[in-house]
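1. for reference, the sequence and a predicted model appear below.
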Amino acid sequence: METRKPTHVVLVSCPGLGHLIPVIELAKRFVLHHNFKVTILAVTSQTSRAETQILNSALTSSLFHFIDIPSPDITALVAQNDTVFTRLCVVMREAKIAIRSILSEITPRPSALIVDIFSTEAIPIARELNIISYVFVASHAWMLALVIYSPVLDELVEGQYVDQKEPLKIPGCKPVQPEDVIEPMLDRNDRQYKEYLAIGNGFLQSDGVLVNTWEELQREELEALREGGLLSEALNMKIPVYAVGPLVRQPELETNSSSESLVKWLDEQPSQSVVYVSFGSGGTLSSEQMRELAWGLELSEQRFLWVVRAPIEKNADAAFFTTGSSGIDEVAKYLPEGFVSRTNEVGLLVPEWAQQVTILGHRAIGGFLTHCGWGSTLESVTNGVPLIAWPLYAEQRMNAALLAEELGVAVRHRVLPIKKVVRREEIAEMVKESVKSNRVRERMKEVQQSGMKALSEGGSSYVALSKIANTIAG
């Protein structure tokens, strides 16, 4: 009897850990639960220690084949002031040649191509090669709804979105407050807005969409997106939408002196007493905001572990394509005088990067002050750690609204940090509330259990991925 060859799926990721990590975790589930053969095509920037570590782990993985596509040179195609969003779109457009070449050479032909949101221009390549294609959204269903409805909003709304007096309505979903729109919608005259609209249209060319959320968390938005739902009807959208999350990475402890000393420090702290502070692998604060945050942590009188990097004044995502190399002595110059010595017994400063999943899983962590990247959010949710929402860029303002106002798992500031400096007194208040609020902690535990159940055998996300696998395998 002839042995059937394993089904082969190719996944495509743009630069950035917020995209690469969930793509890798999706790949693992296809391999471990469905015995698929998986190839990951990752366009990388290799500009941070975090990305280098993830890449090294992926390149040596025995679970899947990992192909690192060096980021194309786009210096002649972008302006100096073009945003990270624009640069990612241009990078992935230029990478299409390499993606097409690799797909064409794979024999036998892959059964499916799954791309992230910045790679939707690769979908026509899949059609040419007669390969089924999906888009994998590393974020949540409410964001997906806004992205694919934005070409309609572009025709309906006059003037800038942020100047609107009423919330932006999405059929079948919660409306979006003008100040919470996705970064490319902040200025309709900017190049990134046109790139963003093209992404919204690109989704509809695929054979289906996978979202890193779960049924029980966002039933309303998922039903609106599916056939018969209000949003689906408004867009004449016929493609299926699958909730397959929460997909998060597992702890991988580095065996070096800095990681061991970090864990040792946490081991010495009482349970749920430490606030973890991190703005992701690419987030930065202004020098003024950095000083206020330091004062706020000190005033809160709570233990803290702060992943700190030198400030950049203009763009909150300015570290995305740059290599971080600041040590504590360099960073300390931007902190209040005497802060390091005064907080030495209750605080730990870690330069540039730390092993976030390991930290969030430690019993000492009682709260997480975060930029609200969806990956970081899900890592906190799956560990049951309450959040302090501090959005900086991308869809993070939407995330903060979802987490604080609808799900009740986060506390947030009174005024968006992008609008004004958050002062030390408010920061101290939020930090204390995140650690001491039983209401937020209990609600987070409920969401944590819901997410874990969705991923387990027979759960909603497990079943959804099985349906996709069956479709791909034919």
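-> Great, that's in hand.
2. so the residue nearest to residue 195 when sequence neighbours are not counted is in which element?
-> Excluding the flanking residues, the one nearest residue 195 by Cβ to Cβ, 6 or more residues apart in numbering is residue 89, at 4.1 Å. Using the backbone N, CA and C atoms, a C-beta is placed for each residue, glycine as well. Using DSSP states H and E, residue 89 falls within helix 84-94.
3. who touches the next helix-or-strand element following that helix?
-> Once the chain leaves helix 84-94, the next helix or strand it forms, by DSSP H and E, is helix 96-105. With contact meaning Cβ atoms under 8 Å, 6 or more residues apart in numbering, helix 96-105 is reached by 10, 12, 41, 67, 69, 72, 110, 113, 119, 121-122, 125-126, 129, 131.
4. same check on stretch 194-208?
-> Counting by Cβ under 8 Å, 6+ apart, 85-86, 89-90, 115, 117-118, 120-121, 123-124, 127, 132-135, 144, 147-151, 154, 182, 184-185, 209, 235, 237, 239-242, 468, 471 sit against stretch 194-208.
5. where do the strands sit along the chain?
-> 8-13, 37-44, 65-70, 112-116, 132-137, 209-211, 241-243, 274-278, 303-308, 347-351, 365-370, 387-389, 410-412 (DSSP state E).
6. name every strand pairing with the third one and say which way it goes.
-> The partner list of strand 65-70 in its sheet, established with DSSP bridges, is strand 37-44 (parallel).
7. how about the first one?
-> Paired neighbours of strand 8-13 in the sheet (DSSP bridges): strand 37-44 (parallel), strand 112-116 (parallel).
8. one more: the fifth one?
-> Partners of strand 132-137 in the sheet, by DSSP bridges, are strand 112-116 (parallel), strand 209-211 (parallel).
9. the last one now?
-> Neighbouring strands of strand 410-412 in its sheet, by DSSP bridges, are strand 387-389 (parallel).
10. and the partner strand, what's buried?
-> 387-389 (16 or more other Cβ atoms under 10 Å).
11. before we move on, what about stretch 430-447?
-> 430-435, 440-441, 443-444, 447.
12. the helices in the stretch 101-250 of the chain, which residues?
-> 123-128, 141-156, 191-203, 219-225, 230-235 (DSSP state H, counting those that start in this stretch).
13. now do the buried residues in the longest one.
-> Pointing back at helix 141-156 there. 141-151, 153-154.
14. before we move on, what about the fourth one?
-> Within helix 219-225, the residues that count as buried by 16+ other Cβ under 10 Å are 221-225.
15. list phi and psi for residue 182.
-> phi -70, psi 150 (degrees, to the nearest 10).
16. might one say that it is in contact with residue 395?
-> Yes. Look at residue 182 against residue 395 with Cβ atoms under 8 Å: they come within range, at 4.8 Å.
17. who touches both of these two?
-> Common contact partners of residue 182 and residue 395 (Cβ under 8 Å, 6+ apart): residue 143.
18. okay, now the unreliable bits of the stretch 151-300 of the chain?
-> Residue ranges of the stretch 151-300 of the chain with pLDDT under 70: 252-258.
19. 50 instead, please
-> Of all residues in the stretch 151-300 of the chain, none has pLDDT under 50.
20. check the burial of the closest residue to residue 28 other than its chain neighbours by counting its neighbours.
-> Sequence neighbours aside, residue 63 is the residue nearest to residue 28 in space, at 5.8 Å (criterion: Cβ to Cβ, 6+ apart). Neighbour count of residue 63, defined by other Cβ atoms under 10 Å: 13.
21. same check, this time on residue 267
-> A count of nearby residues for residue 267, using other Cβ under 10 Å, gives 10.
22. now do residue 104
-> Considering only other Cβ under 10 Å, residue 104 is surrounded by 12 other residues.
23. do the same with residue 413
-> Residue 413: 20 surrounding residues under other Cβ under 10 Å.
24. mind listing what's buried in stretch 80-99?
-> 82-93, 95-96, 99.
25. biggest separation within those, which pair?
-> Within those, 83 and 99 form the most distant pair, 23.0 Å apart (Cβ to Cβ).
26. so what touches the helix holding residue 89?
-> Helix 84-94 has contacts (Cβ under 8 Å, 6+ apart) with 14-16, 43, 71-72, 74, 77-78, 82, 118-119, 121-122, 183-184, 190-192, 195-196, 198-199, 282, 315, 317, 320-321, 393-394.
27. touching, residue 472 and residue 11? I think so.
-> No. Residue 472 is not in contact with residue 11 according to Cβ under 8 Å; the separation is 11.9 Å.
28. show the end-to-end separation of stretch 204-220, please.
-> End-to-end distance for stretch 204-220: 20 Å, by Cα to Cα, to the nearest Å.
29. kindly report the same for stretch 126-136.
-> Start-to-end span of stretch 126-136 (Cα to Cα) is 15 Å.
30. what's across from residue 112 in the sheet?
-> Beta-bridge partners of residue 112, as defined by DSSP bridges: residue 9, residue 132.
31. re the thing from before, keeping just the C-alphas, turn the helix holding residue 89 into CSV.
-> The C-alpha trace of helix 84-94 is given here as CSV (Å, rounded to 0.1, in the frame of the first residue of the first chain):
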residue,chain,number,x,y,z
VAL,A,84,7.6,51.4,10.1
PHE,A,85,4.2,50.3,8.6
THR,A,86,5.1,51.7,5.2
ARG,A,87,8.6,50.1,5.4
LEU,A,88,7.1,46.7,6.2
CYS,A,89,4.7,46.9,3.3
VAL,A,90,7.5,47.9,0.9
VAL,A,91,9.9,45.2,2.3
MET,A,92,7.3,42.5,1.7
ARG,A,93,6.4,43.7,-1.8
GLU,A,94,10.1,43.6,-2.7
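32. kind regards, and thank you for your time.
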